[in-house]
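Colleague: Got a predicted model here, sequence first, then my questions.
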Amino acid sequence: MATDLTQVAQDKGIAYFLISFVDLFGVLRAKLVPASAIGEMQQNGAGFAGFAAWLDMTPADPDMFAIPDPESLMQLPWQPEIAWLAADLWMNGKEVEASPRVALKRQIAKAEQAGYTMMTGVECEYFLITPDGSAISDPDDTQSKPCYDQTALMRRFPVIREICDAMLTLGWGPYQNDHEDANGQFEMNWTYADCLRTADRHAFFKYMTKTIAEKHDLRATFMPKPFIHLTGNGCHAHVSLWDKAGRQNLFLDPQNELGLSQTAYQFLGGIMHHAESLCAIFNPTVNSYKRINAPVTRSGATWSPNAVTYSGNNRTHMIRVPEQGRFELRLMDGAANPYLLQAAVLAAGLDGLEHQRHPGEPVYLNMYEEGHKVSAVKRLPATLLDALRLLEANAGLRAALGEELVEAYLKLKMQEWRDYTNHLSEWERQHTLNC
């Protein structure tokens, strides 16, 4: 073992470790392990019953073991006697194929074989709301266009500062914090990294933000659309492909109109080819489809896509190119699984490279106001069920991500859809009682 976690605990004053994994629904699961036992756990893993989490297992399945990755270690800045570790799941001596972090590492290995490293950053929007979830936490945050509102931002300075200070302590390189487009909504940006490191940080960021908000008697939510009249929570991903050593940006071509190379266009072509099916992963809840294809919100725009298009620095498209050498994928929302998000981007992009897919020509217009002028563009699915059926029928993407993973995901998400359809809403009663 290159890193001895027992020695790390002694050197850093760590008393306990959270050995964590994310299940298929993006829920963070963990066991709290005293430092005296971490050596054994590093060797053999912490035991879990897979059926007890959102994984496609039964009570009859054997123990599942979460083996921590020492490279992922993050010492909690607000509680430094505890350290968090991302773990990979094993069962019967083999990695669990339907484990999100394992699935991402599978895609990373494919990319490395082809000589690539994917670098990404994510923009995790969230609301600070009341503890009961009924309203935003700041009753004075009422502007119709509250984005970048300094006064509202600074009323939440104690929370924002503690989260940002934590990222500084962790060495993430945070560089800006802002009030977002919805009342009560915020975004905090940190430096991009290789996609596995970004996924680990994304998972930890959600935990950290919720925990620090609770310290301040508030609640943080990444729910895609917690308030119907306000802009939803996106989780935009900035993507570039580099050489295996991480020294050269293979997406960069300064001579191109958008500053993108042929490699970038083919990678982008793969994402656009599979975009409708990718919604099942990028927009994984019933609520997600109240964010995309949404009516205009209080601020005047939803800031979410409604069609499969790309452009230059234009936020009305599913994909924009803000500067040379990278693109921003604006489809994902706050419910996206941090690991499946990265795995799906990489799988679709590698498929685009393998099949030399072209994304078509960029579209230079306001899709919110002039989208009707564009013919032959694909529209995003209207419901979770539509997206799941598209993923189910997409043999190429299923094979790229792994049949076992996709089958497990579809099974559990279809079950979630059935649970939703068994729910009787007040809207239905109001509109159909008199039929």
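Modeller: Arrived safely, thanks for sending. Residues are numbered from 1 along each chain as shown.
Colleague: Quick check: His179 vs Trp190, distance?
Modeller: Here His179 is placed at a distance of 17 Å from Trp190 (C-beta to C-beta, to the nearest Å). (C-beta placed from N, C-alpha, C; glycine too.)
Colleague: Name the helix or strand of this protein that has the lowest mean pLDDT.
Modeller: Among the helices and strands of the chain, helix 367-370 carries the lowest confidence by mean pLDDT, DSSP states H and E, at a mean of 92.
Colleague: following that one, which helix or strand shows up next?
Modeller: helix 384-393 (DSSP states H and E).
Colleague: Quick one: the strands in the stretch 51-200 of the chain, in order.
Modeller: Here the stretch 51-200 of the chain has its strands, by DSSP state E, counting those that start in this stretch, at 64-68, 74-75, 82-91, 94-95, 116-124, 126-129, 174-179, 185-190, 193-194.
Colleague: Scan this protein for its longest helix.
Modeller: Ranked by number of residues, the top helix in the chain under DSSP state H is helix 195-215.
Colleague: which other helices and strands contact the next helix-or-strand element following that one?
Modeller: Counting by DSSP H and E, the next helix or strand C-terminal to helix 195-215 is strand 219-221. In terms of contacts (3 or more C-beta pairs under 8 Å, 6 or more residues apart in numbering; DSSP states H and E), strand 219-221 is packed against strand 126-129, helix 195-215.
Colleague: will you turn the strands of the stretch 51-200 of the chain into TSV that also has mean neighbour count and mean pLDDT?
Modeller: Listed next are the strands of the stretch 51-200 of the chain as TSV, based on neighbours: other C-beta atoms under 10 Å; pLDDT from 0 to 100:
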stretch	mean neighbour count	mean pLDDT
strand 64-68	22	97
strand 74-75	19	98
strand 82-91	22	98
strand 94-95	12	96
strand 116-124	21	98
strand 126-129	24	98
strand 174-179	16	98
strand 185-190	22	98
strand 193-194	16	98
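Colleague: Any idea which of these gets closest to Tyr420?
Modeller: strand 126-129 (21.9 Å; C-beta to C-beta).
Colleague: And the strands in the stretch 201-350 of the chain, which stretches?
Modeller: 219-221, 235-243, 310-311, 319-323, 326-329.
Colleague: what about those strands, which gets the closest to Gly371?
Modeller: strand 310-311 (11.7 Å).
Colleague: For the nearest residue to Gly45 once chain neighbours are set aside, give me its contacts.
Modeller: Leaving aside its sequence neighbours, Gly45 sits nearest to Phe65 (C-beta to C-beta, 6 or more residues apart in numbering; 3.1 Å). Neighbour list for Phe65: 44-48, 89-91 [criterion: C-beta atoms under 8 Å, 6 or more residues apart in numbering].
Colleague: on that earlier part again, okay, buried residues for the least confident helix or strand of the chain please.
Modeller: Within helix 367-370, the residues that count as buried by 16 or more other C-beta atoms under 10 Å are 367-368.
Colleague: do stretch 2-13 as well
Modeller: So, applying 16+ other C-beta under 10 Å, buried residues of stretch 2-13: 5-6, 8-9.
Colleague: next one: that stretch to chain centre, how far?
Modeller: 30 Å (C-alpha atoms, centre = their mean, to the nearest Å).
Colleague: Quick one: residues in contact with that stretch.
Modeller: 14-15, 17, 35, 38-39, 41-42, 68, 70-71, 73, 75, 80-81, 83, 85.
Colleague: Might one say that Gly121 is in contact with Phe205?
Modeller: No. Assessed by C-beta atoms under 8 Å, Gly121 is found out of contact with Phe205, at 11.6 Å.
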